[in-house]
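Chemist: Show me the folded form of this:
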Amino acid sequence: MSHSHDKHDKHDSPLVKPGFAGLALVCGDCQKRSSGPSGLKAKDVRSQLKSELRHAPMRLRVVECSCLGLCPKKAIAASMAAGGKLMAAEIHSEKEAAAAAAGFARALG
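Modeler: Below you'll find the model as predicted:
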């Protein structure tokens with residue numbers, strides 16, 4: 001049987017090894033701004049990225065977060081941090097979400 005404390009090292013550190021190698025973040029605040037995208041939701045962008053990054057060279061956790069500080073006009077901000085790389089994208093449509101995911105995956109491979 002596995003317990004959560006089994007992940008801790010022998011020094012009883014609160015740090016654990018995650019089951020993923022990096023993060024892809026989607027700003028949930030962009031859709032709420034008056035200058036945000038029309039008809040594009042962060043949840044949909046997150047789903048698109050998650051689907052497209054399923055075959056990336058390393059496992060990424062795709063999460064919706066609060067403001068990333070990028071605040072693009074009529075778009076949703078997304079960012080990826082993995083494999084020593086940090087990238088950001090301004091996503092205006094689901095098609096652009098797929099293109100951003102492909103760019104993130106290329107950067108890792």
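Chemist: Show me the longest helix that occurs in the protein.
Modeler: Scanning the chain for the helix with the most residues, using DSSP state H, yields helix 94-108.
Chemist: Check the average confidence over that helix, would you?
Modeler: Mean pLDDT, computed over helix 94-108, is 93.
Chemist: so what does that helix touch, helix or strand wise?
Modeler: Judged by 3 or more Cβ pairs under 8 Å, 6 or more residues apart in numbering; DSSP states H and E, helix 94-108 is in contact with strand 22-27, helix 42-52, strand 76-82, strand 85-91. For every residue, glycine as well, the C-beta is placed using N, CA and C.
Chemist: one more time with 7 Å, if that's ok
Modeler: When contacts are defined as 3 or more Cβ pairs under 7 Å, 6 or more residues apart in numbering; DSSP states H and E, helix 94-108 sits against helix 42-52, strand 76-82, strand 85-91.
Chemist: Of these, which stretch is the most buried?
Modeler: Greatest average neighbour count among the helices and strands packed on helix 94-108 goes to strand 76-82 (a mean of 24), per mean count of other Cβ atoms under 10 Å.
Chemist: Walk me through which strands it pairs with, and which way each runs.
Modeler: strand 22-27 (antiparallel), strand 85-91 (antiparallel) (DSSP bridges).
Chemist: Give me the contact list for the last one.
Modeler: Contacts of strand 85-91 with the rest of the structure, by Cβ atoms under 7 Å, 6 or more residues apart in numbering, involve 45, 70, 72, 75-80, 97, 100, 103-104, 107-108.
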